[in-house]
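Chemist: When you get a sec, could you give me coordinates for this:
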Amino acid sequence: MGCLSWLGDSCLSISFGEKIDPLVNAQCVAIATSLEQRGRRGIRDVVATYNAVTVHFDPLQIDREDLSTELAVLAAMDAPGTGADVEPVLIPVEYGGHAGPDLAAVAEFGHCSERDVIHLHSMKVYRVYMLGFLPGFAYMGSVDARIAMPRLDTPRIRVASGSVGIAGAQTGVYPCETPGGWRIIGRTTSQLFDPRRADAFLLKAGDWVKFVAD
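Modeler: Okay, here's the model as predicted:
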């Protein structure tokens, strides 16, 4: 059962602990999807995160207690599977060199070779837990503990679009040029966000991704 919290008079959140777990995240994604599909008038936005769902709503159109009850009912339903059996989205990556300036540092952190870092990063299938920070930026996990290097102490002023990074147990792709503090180990030509596409976002919460050494 989730824990309900009011975040002001127009925002309600339900959380399921603090751990990163595919089943917990699958439940959050299912709750968010159900609310969005109902198209309830007055709901402004529904955001699923690693282990919580936050609902932004118009308090003049939605009764707080009704929404609280609805969320509690959804949270009590059986959690769906993680969908790990579906085909992952393949993302080609050029590792190292100019494309991956932090590859050597990650190798040193992991007491292994750069080739080992590439193998450890590309051998896993990662779950997309949530989108945030930038349009299309997918927070994925979990990275092998041997290469789960923390963020830079001081973020870079410029990180190139398509850069593939590691931040602790998380990995992700920068969808556009921006400042950032993740350890950059490669770069992809895949467009994570393109407003010209019918579906602007390449990935969504609940997807699975596999990086392929290019």
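Chemist: secondary structure element for the residue nearest in space to the middle of the chain?
Modeler: Central residue of the chain (Cα atoms, centre = their mean): Y139, 2.5 Å from the mean position. Taking DSSP states H and E as the criterion, Y139 maps to strand 138-141.
Chemist: Show me what that strand packs onto, helices and strands only.
Modeler: Using 3 or more Cβ pairs under 8 Å, 6 or more residues apart in numbering; DSSP states H and E, the elements in contact with strand 138-141 are strand 125-131, strand 170-173. Just so you know, the C-beta spots here come from the backbone N, C-alpha and C atoms, and that holds for glycine as well.
Chemist: pLDDT score assigned to R151?
Modeler: Predicted confidence (pLDDT) for R151: 96.
Chemist: got it, and M1?
Modeler: Per-residue pLDDT puts M1 at 67.
Chemist: on that earlier part again, ok, the residue nearest to the centre of the chain to P175 distance?
Modeler: According to Cβ to Cβ, to the nearest Å, Y139 and P175 sit 12 Å apart.
Chemist: residues in contact with the residue lying farthest from the centre of the chain?
Modeler: For the chain, the largest distance from the centre (Cα atoms, centre = their mean) belongs to L60, which lies 31.8 Å off. Residues in contact with L60, defined by Cβ atoms under 8 Å, 6 or more residues apart in numbering, are G42.
Chemist: Give the helix, strand or coil label for it.
Modeler: The three-state assignment at L60 reads coil, by DSSP: H, G, I helix; E, B strand; the rest coil.
Chemist: E108 too?
Modeler: Secondary structure, three-state DSSP: E108 is helix.
Chemist: Based on its surroundings, how many neighbours for it?
Modeler: Look at E108: counted by other Cβ atoms under 10 Å, it has 12 neighbours.
Chemist: Between strand 125-131 and the longest helix belonging to the chain, find me the angle.
Modeler: Using DSSP state H to define each element, the chain has its longest helix at helix 22-38. With axes from the mean of the first three to the mean of the last three Cα atoms, to 10 degrees defining the directions, helix 22-38 sits at 50 degrees from strand 125-131.
Chemist: Quick check: can you list the domain ranges of this structure?
Modeler: Under the assignment automatic domain parsing, the domains of the chain span 3-76, 89-213.
Chemist: which of these is buried the deepest?
Modeler: domain 89-213 (a mean of 18; mean count of other Cβ atoms under 10 Å).
Chemist: Report the distance from that domain to the chain centre.
Modeler: On the basis of Cα atoms, centre = their mean, to the nearest Å, domain 89-213 sits 11 Å off its chain's mean C-alpha point.
Chemist: how far does it stretch from start to finish?
Modeler: End-to-end distance for domain 89-213, by Cα to Cα, to the nearest Å: 14 Å.
Chemist: now what about the strand holding Y139, what contacts it?
Modeler: For strand 138-141, contacts defined as Cβ under 8 Å, 6+ apart pick out 20, 50, 126-133, 169-173, 192, 203, 207, 209.
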